[in-house]
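S.K.: sequence plus the predicted model coming up.
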Amino acid sequence: MIMRKSSFIRNFCFILFISFGFSLFNSCERSDKDTIELDKNNELDISVKKEKVDVKVFSNLLLAMNPSLKNPIIDEVQFLSDGDFKITYFDNDIKKSFLVQNNKEGVVQLTCGGSCGGEACDEMRTTKTSEGWITQCEGCQNCSLIITEIDQPNAKNIISTITNNTSSLKNIAKLSYKNTLKGKIASSELNRNLNLIEVSSIKFSHLEDGNIFALVEYSDSFDNTSTYALLDDGKTVTTIDCTGSCDCKEQYIHSTKTTQCSCDQCKMTITVEEVNENPNP
């Protein structure tokens, strides 16, 4: 994930804009700032990807499990082991968390209960240790974990969708990893590492125009991390991935409503897919 600043040839930008009609490509317009330059060795790749990713599926799950919520805002999704994941969100500016776990009894959710000095124990912390993942409630000794079974049929369907989503996220991460390291390490080592790629987290930015910018972080078995981004405008999900020789992360520039990478010497790959209007029948 890696990239360079300057400006595209105007005709090429026009073709991109006509093809996708997406504000992301406004960065092609000639400007002194926040524009994208690709030199002769770093062309822009655009294709339609086969992997289906539903960026809003986590919000759908939250509402299915908590119908009383008015307008929750997803902040981060953290992926643990064995299909478990934790969602952190804001409810009326209060930060809350819950964890979804698959066990022998079925699918359960872990939340925090109790209070400290009149404040509810709403947030939990999950960390990875030498013994595995550990989750505990933030606050004081009065806070405790509450385990409840998820029995809403719609919620179970959405969790199944999330499982499929995670597989797609991982496949995109493998392609990103391969594009970053091909030619830099032996092919045998690269292929071995690809089988050990895991998606670590998704951090969400809810944009002024209602779109969602999600930064997906993944890692290999040696704790090397990298990222790619997803931009959901309600009609399409666009994957932005910058690969190259520096530690580059995809960035959304709010002032210009464009996407760029954080350092030079990179190649940006953009892939686009239409959103499934009925992901959870």
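M.R.: The structure has been received and is ready for your questions.

S.K.: alpha carbons only for contacts and neighbour counts from here, please
M.R.: Noted.

S.K.: what are the buried residues along stretch 119-133?
M.R.: Neighbour-count burial for stretch 119-133 flags Ala120, Cys121, Asp122, Glu123, Met124, Thr126 (criterion: 16 or more other CA atoms under 10 Å).

S.K.: make CSV from those residues and add pLDDT to it.
M.R.: Formatted as CSV, the buried residues of stretch 119-133 follow (pLDDT from 0 to 100):
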residue, pLDDT
Ala120, 85
Cys121, 86
Asp122, 81
Glu123, 81
Met124, 85
Thr126, 86
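
S.K.: what's the average pLDDT for whichever strand or helix holds Leu175?
M.R.: Secondary structure assignment for Leu175, by DSSP states H and E: helix 153-181. On average, the pLDDT along helix 153-181 is 86.

S.K.: and Ser226, how far is that from Thr180?
M.R.: As judged by CA to CA, to the nearest Å, Ser226 and Thr180 stand 9 Å apart.

S.K.: ok now the helix holding Leu175, how far from the chain's centre?
M.R.: Centre-to-centre, helix 153-181 and its host chain are 10 Å apart (CA atoms, centre = their mean, to the nearest Å).

S.K.: quick one: low-confidence ranges for the protein?
M.R.: 1-52, 104-105, 183, 245, 275-281 (pLDDT under 70).

S.K.: report the outermost residue of it with respect to its centre.
M.R.: Residue farthest from the centre of the chain, counting by CA atoms, centre = their mean, is Gly117 at 35.0 Å.

S.K.: now the phi/psi pair for that residue, please.
M.R.: phi 60, psi 40 (degrees, to the nearest 10).

S.K.: for it, give me its contacts.
M.R.: The contact partners of Gly117, by CA atoms under 8 Å, 6 or more residues apart in numbering, come to none.

S.K.: please begin residue numbering at 26 from this point
M.R.: Fine by me, first position is 26 from now on; the one you just mentioned is Gly142.

S.K.: quick check: it vs Cys162, distance?
M.R.: 15 Å.

S.K.: could you do Glu214 as well?
M.R.: Glu214 sits 40 Å away from Cys162, going by CA to CA.

S.K.: which one's more surrounded, those two?
M.R.: With neighbours defined as other CA atoms under 10 Å, Glu214 and Cys162 compare such that Cys162 has more, 23 against 9.

S.K.: and Cys162, bridged to which residues?
M.R.: For Cys162, the beta-bridge partners are Met149 (DSSP bridges).

S.K.: wait, it touches Met149, no?
M.R.: Yes - if you go by CA atoms under 8 Å, Cys162 and Met149 touch, sitting 4.2 Å apart.

S.K.: okay, and the common contacts of these two?
M.R.: Joint contacts of Cys162 and Met149 (CA under 8 Å, 6+ apart) are Cys137.

S.K.: sweet, I'm off.
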